[in-house]
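1. based on what follows, work out the 3D shape:
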Amino acid sequence: MADHNDLGKLGEEMATAWLRQQGFIILHRNWRYSYFEIDIIAQKTGVLHIIEVKTGWFTRAGHPEQHVSRKKFKRLQRATDQFLFLNPGHSWVQYDILAITLMKGREAEYFMLEDVFL
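-> Residues are numbered from 1 along each chain as shown. Now for the predicted structure:
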């Protein structure tokens, strides 16, 4: 498996644990339909959270959350539309990006962009 795939899996594991600590209930991880995927679907205080997880090593060149493009966001919206079609009954839906920055010798930094729309 490629290094970026391993980093992605690690990030999703870390994200799941962090989200639970923040009071989220994890409903699905890596939910797929056709070629669409949602990293994490969670719920908190009556809101369905569609969460894109981005993990990366600290560099001065940028932050992990900067790697969510409009194209990626549109695919996330299409996946969400399909999820909601198959799982009706959610009144409030919110898109979030959880960025995890890894640093050698230090604890990871978590940065959650909430209610994102690109």
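2. CA atoms for contacts and neighbours, from now on please.
-> Will do.
3. can you give me the helices in the protein?
-> 3-21, 70-86 (DSSP state H).
4. indicate which one of the ones you listed is closest to Thr45.
-> The closest of these to Thr45 is helix 3-21. By CA to CA, the value is 13.1 Å.
5. tell me what that closest one is packed against?
-> strand 25-33, strand 47-57, strand 92-103 (3 or more CA pairs under 8 Å, 6 or more residues apart in numbering; DSSP states H and E).
6. which one of the ones you listed is the most hemmed in?
-> Scoring these by mean neighbour count under mean count of other CA atoms under 10 Å gives strand 47-57 as the most buried, with a mean of 22.
7. any regions of the chain where pLDDT drops low?
-> Counting by pLDDT under 70, the chain contains low-confidence residues at 1-5, 59-62, 64, 118.
8. next, name the residue at the spatial heart of it.
-> Closest residue to the average C-alpha location of the chain: Glu52 at 2.2 Å, with CA atoms, centre = their mean.
9. need the contact list for that one.
-> By CA atoms under 8 Å, 6 or more residues apart in numbering, the contact set of Glu52 is Ile38, Asp39, Ile40, Tyr95, Asp96, Ile97, Leu98.
10. okay, now the second one: neighbour count?
-> Each residue near Asp39 was counted by other CA atoms under 10 Å, and the total is 21.
11. isn't it right up against Arg29?
-> Yes - with contacts counted by CA atoms under 8 Å, Asp39 reaches Arg29, the gap being 5.6 Å.
12. who's in contact with the residue of the chain most remote from its centre?
-> Distance from the C-alpha centroid of the chain peaks at Gly105, with 24.7 Å (CA atoms, centre = their mean). Listed by CA under 8 Å, 6+ apart, Gly105 has no contact partners.
13. please tell me how far Lys72 sits from His90.
-> 23 Å (CA to CA, to the nearest Å).
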